Structure formats: C-alpha cells, structure tokens
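**Q** Provided below for reference: sequence and predicted model.
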Amino acid sequence: MMYVTRREHFSSSHRLFNPTWSDERNHEVFGKCNNAAGHGHNYYVEITVAGDIDPATGYVVDLKKLKQVIIERVISRVDHRNLNVDVDFLHDVIPTSENIAVGIWRQLVDHIPQGRLYQVRLYETEKNFVDYRGEE
Ligand code: NI
C-alpha cells in the first residue's frame with residue numbers, strides 16, 4: 001500500500017464555547033480560546049490518500065486533481081472565514097481541531113479522485129495537531 005499526501009494552508013478565526021454552559025464554565029474549560037471576539041490560527045492540513053500504484057501513470061492519485069478537490073471542497077470554504085458562523089459543515093459543532101478534522105474528512109471522503117482517503121492531519125499550531133482516519 002502506498003500513501004500520498006497533499007499539504008494545504010488556511011487562516012481562520014474561531015471561538016471555543018459551549019452554548020449550553022455558563023460564561024464562567026466556558027471560561028474555566030476553554031480559557032483564552034473562549035475570548036468573545038474570537039482569535040485566529042494559521043492552519044495546515046495534510047490529506048493522505050492510500051492506494052496501489054496505477055501502472056498506467058505510476059501514480060496512486062494525480063496530485064493536481066487531489067489539490068483541486070481540497071481547494072474546492074475545503075480551503076475555499078474555510079480560508080479567511082469565521083469557523084463558528086461561516087462554514088456550513090461546522091454549524092453543529094464546537095470548532096476545535098478535532099471537529100474541524102472530522103468535517104474536512106466528510107467533505108473529502110466521497111470525492112477522492114483515485115485511491116481512498118486514509119487520513120486528515122490538521123495542525124492548529126506548530127506544536128498541536130490531530131489525526132483523523134474515519135470511524136475505524
Ligand atoms: Ni483557537
């Protein structure tokens with residue numbers, strides 16, 4: 001099995017809070033990330049596709065086509081947006097890295113040009129990242 005990865009970047013704002021909790025509880029749990037006016041991150045997302053090498057092309061997946069899908073279905077919808085209000089596929093969740101990665105997975109899983117989606121890795125900062133591999 002071969003694994004091929006495309007890395008993309010987006011900048012977004014968000015605020016972490018649970019609307020069913022008091023302000024006090026939200027502050028306790030989310031701290032600075034609960035700041036009412038939000039805050040921004042420079043996110044990096046790495047999309048990994050698994051598959052066999054196609055003998056006709058030598059590719060697992062054409063990275064130009066994979067890039068187009070990622071840009072159209074994910075980056076164009078989250079870049080320079082407020083993840084709490086602007087992004088339809090995040091409407092029902094707190095926009096943590098975990099939930100954003102699941103949302104990105106769902107946007108891509110049925111649209112991979114060749115091979116299958118193996119992993120979504122999302123970096124919120126240089127030091128913090130999450131990996132999602134679907135409902136294994
Ligand atoms: Ni944050």
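**A** Sure thing, it's come through. Numbering: from 1, shown residues only.
**Q** residues in contact with the helix or strand V120 falls within?
**A** Using DSSP states H and E, the element containing V120 is strand 116-123. Residues from elsewhere that reach strand 116-123, judged by Cβ atoms under 8 Å, 6 or more residues apart in numbering: 3, 43-51, 97, 100-101, 104-105, 108-109, 129-134. Every residue, glycine included, has its C-beta placed from N, CA and C.
**Q** ok, residues contacting the longest helix along the chain?
**A** Longest among the helix segments of the chain by residue count, using DSSP state H, is helix 97-108. For helix 97-108, contacts defined as Cβ under 8 Å, 6+ apart pick out 43, 45, 47, 69-70, 73-74, 77-78, 83, 87, 89-90, 93, 117, 120-122, 124, 128-132, 134.
**Q** which of the residues you listed fall in strands?
**A** Using DSSP state E, 43, 45, 47, 117, 120-122, 129-132 are the members of the contacts of helix 97-108 that sit in strands.
**Q** out of those, which comes closest to S12?
**A** Distance to S12 across these (Cβ to Cβ) is lowest for Y43, with 6.4 Å.
**Q** could you report the pLDDT at the closest one?
**A** For Y43, the pLDDT comes out at 98.
**Q** give me the element the residue lying closest to it once chain neighbours are set aside is part of.
**A** In this structure, Y43 finds its nearest non-sequential neighbour in F10, 5.2 Å apart by Cβ to Cβ, 6 or more residues apart in numbering. Element membership for F10 (DSSP H and E) is strand 2-14.
**Q** adjacent strands (with direction) for that strand?
**A** Sheet pairing of strand 2-14 (DSSP bridges) gives strand 39-51 (antiparallel), strand 81-82 (parallel).
**Q** show me what counts as buried in the next helix or strand after that strand.
**A** Going down the chain from strand 2-14, the next helix or strand is helix 23-30, by DSSP H and E. Neighbour-count burial for helix 23-30, counted by 16 or more other Cβ atoms under 10 Å, picks out 26, 30.
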